[in-house]
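Asks: Sequence and computational prediction follow.
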Amino acid sequence: GTRAVEHLRAVMTELKVATVSSQVALNAFTDFAITDPTLPGEITPGEHQEPTLFELLDDLIAWSAAFKGVRQRLAEAETAGA
């Protein structure tokens, strides 16, 4: 999975899609707590994964804030063209 992420990141870059450079390899069996399969579970990463996970989420928040204006302008342009 980790190598697939690296490959996909290169593909997405060529498609001019913004990506975050941080990545965390979480295990479906040990890093998620699922008590009821019909409900979302909880992420329960190990302590050694938390700093990288927080870095990834901080990067994601920064990118989404940076692109907020772009999304708004695209929505306005779509509304004006309709």
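Replies: Okay, I see it.
Asks: so where do the helices sit in this protein?
Replies: 2-14, 50-66, 68-81 (DSSP state H).
Asks: Kindly present those as a markdown table, with separate columns for distance to Thr30, mean pLDDT and mean neighbour count.
Replies: (C-beta placed from N, C-alpha, C; glycine too.) Formatted as a markdown table, those follow (distance: least, C-beta to C-beta, whole Å; pLDDT from 0 to 100; neighbours: other C-beta atoms under 10 Å):
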| stretch | distance to Thr30 | mean pLDDT | mean neighbour count |
| --- | --- | --- | --- |
| helix 2-14 | 16 | 90 | 10 |
| helix 50-66 | 14 | 92 | 13 |
| helix 68-81 | 35 | 88 | 9 |
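Asks: Hmm, Phe32 and Glu42 touching each other?
Replies: Yes. The pair Glu42 / Phe32 is scored as a contact, 7.0 Å apart, by C-beta atoms under 8 Å.
Asks: Ala18: what's it in contact with?
Replies: 63, 67 (C-beta atoms under 8 Å, 6 or more residues apart in numbering).
Asks: Looking only at neighbour counts, state which of Glu42 and Phe32 leads.
Replies: Phe32 (14 against 10; other C-beta atoms under 10 Å).
Asks: okay, which residue is most central for the protein?
Replies: Leu60 (5.9 Å; C-alpha atoms, centre = their mean).
Asks: leaving aside the residues next to it on the chain, what's closest to that one?
Replies: Spatial nearest neighbour of Leu60, excluding adjacent residues (C-beta to C-beta, 6 or more residues apart in numbering): Val20 at 5.7 Å.
Asks: and the one you found, how far is that from Thr35?
Replies: Distance, Val20 to Thr35, by C-beta to C-beta, to the nearest Å: 30 Å.
Asks: Quick one: the helices of the chain as TSV, columns for distance to Ala28 too.
Replies: Below are the helices of the chain laid out as TSV (distance: least, C-beta to C-beta, whole Å):
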stretch	distance to Ala28
helix 2-14	14
helix 50-66	15
helix 68-81	31
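Asks: right, and those - which one's nearest Leu26?
Replies: For Leu26, the closest of these is helix 50-66, at 8.0 Å, according to C-beta to C-beta.
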